[in-house]
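Student: here is the input, now give the coordinates:
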Amino acid sequence: MAKIVLGIGSSHSPQVSSPSDVWAMHAQRDRENPDTQYEARERELAHVLQDQLSPELWQQKYEQCQVAVAHLNKVIEDVKPDVLVVVGDDQEELFWDEVKPTFAVFWGSEIKDLPHNLEELHPSLRPVIWAWHTTDEPVHYPTEGDLGRHILECMVTEGFDVAQSKTQLENRSLGHAYTFVKRRLAPQQDIPTVPVFVNCFYPPNQPTPARCYEFGRALRRAIESWDQDKTVAIVGSGGLSHFKLDEKLDELVIQGLKDQDAEILKNLPREKLEGASGEILNWIVAAGALEHLSLQYLEYVSGYRSPAGTGVGMTFAVWQ
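Tutor: Numbering: from 1, shown residues only. Predicted coordinates:
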């Protein structure tokens, strides 16, 4: 039977891969984003955040992130799992308004990252697109379709009516939650993946934190009942809070992870998991699936990048 031997959690924001001179460009993107309520937050927070906005501190935090990414990279390389089950979210990359499933699993034989045109990207994203996507030729990533199908069959019997996906529509690319894992966390090894999709972003059918935790528990049972003698790593991709950085929310999530306290994670305030902060749901699924392993590494970097308190709670974790 398959065995889950490793858990990884990682933010995948472009800020993770951005040197300090790019952070101000991200802040300009935040200013242009009406969802950040930038001007109101700047009036409220600017006077308490000045110490967080120096180029020297930004560079220090950037380097802290690179050390963490390198650590996760080495752990995966050392463990050499046979399969990566990546729990992430699609942001209108594969799924548009025709369907946005609450949960979905891809079970084809490969999935493609399509080239992204630099000229169509915000200037803040151009220097770091390498961490997410190709810009020249399509990249074909192998997927473990047999395990994907097995997960789908098991989750239905567990009471989760999970959508299935087996092919990509033309001009639809694999999303950055998954390509970041392939390009930054496991670039040396062509490990097949099983993409698991959680609707973290788009109302009205986002799952609750409690539903995500139980989904993770069922996901573990499904993987461990797969009749293949293979090792599996589960990766929770995204988060924590952003673009409106909320350190108190992040502290609560981290407490739940460190204490393996399911009740904390299942009862996180749903109204706080809005927009990009909804990616915390990917971590909750991973935590539910990794109850049998210990959290052995956790790095948190509060990436404030503007006087409006925008940024990312950049977080990196290993369960073994």
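Student: any chance you could map the strands in the stretch 51-200 of the chain?
Tutor: Using DSSP state E, counting those that start in this stretch, the strands of the stretch 51-200 of the chain run over residues 83-88, 103-106, 110-113, 139-142, 163-165, 193-198.
Student: to His12, which of those strands lies closest?
Tutor: Among these, strand 83-88 comes nearest to His12, with 7.8 Å by CB to CB. Using the backbone N, CA and C atoms, a C-beta is placed for each residue, glycine as well.
Student: let me see the mean pLDDT of the closest one.
Tutor: Averaged across strand 83-88, pLDDT comes to 98.
Student: try stretch 302-313
Tutor: For stretch 302-313, mean pLDDT rounds to 97.
Student: next, the residues that contact that stretch from outside, please.
Tutor: For stretch 302-313, the external contacting residues (CB atoms under 8 Å, 6 or more residues apart in numbering) are 11, 13, 15-16, 23-24, 26-27, 30-31, 36-39, 41-42, 45-46, 49-50, 52-53, 58, 61, 65, 239-247, 249-250, 300-301, 314.
Student: PyMOL command for the buried members of those?
Tutor: Only the buried members of the contacts of stretch 302-313 enter the following PyMOL selection, criterion being 16 or more other CB atoms under 10 Å:
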select buried, resi 11+13+15+16+23+26+27+30+36+38+41+42+45+49+52+53+58+61+65+239+240+241+242+243+244+245+246+249+250+300+301+314
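Student: from the contacts of stretch 302-313, which ones fall inside helices?
Tutor: With helices identified by DSSP state H, the entries of the contacts of stretch 302-313 that belong to them are 23-24, 26-27, 30-31, 38-39, 41-42, 45-46, 49, 58, 61, 65, 247, 249-250.
Student: buried ones in stretch 272-283?
Tutor: Applying a neighbour-count criterion of 16+ other CB under 10 Å, one finds 272-273, 276-283 buried in stretch 272-283.
Student: same thing with stretch 287-295?
Tutor: Buried-residue list, stretch 287-295, by 16+ other CB under 10 Å: 287-290, 293, 295.
Student: need these in CSV with distance to Val86, secondary structure and pLDDT, can you?
Tutor: Below are the buried residues of stretch 287-295 laid out as CSV (distance: CB to CB, whole Å; DSSP: H, G, I helix; E, B strand; the rest coil; pLDDT from 0 to 100):
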residue, distance to Val86, secondary structure, pLDDT
Ala287, 15, helix, 98
Gly288, 15, helix, 98
Ala289, 12, helix, 98
Leu290, 14, coil, 98
Leu293, 17, coil, 98
Leu295, 19, strand, 98
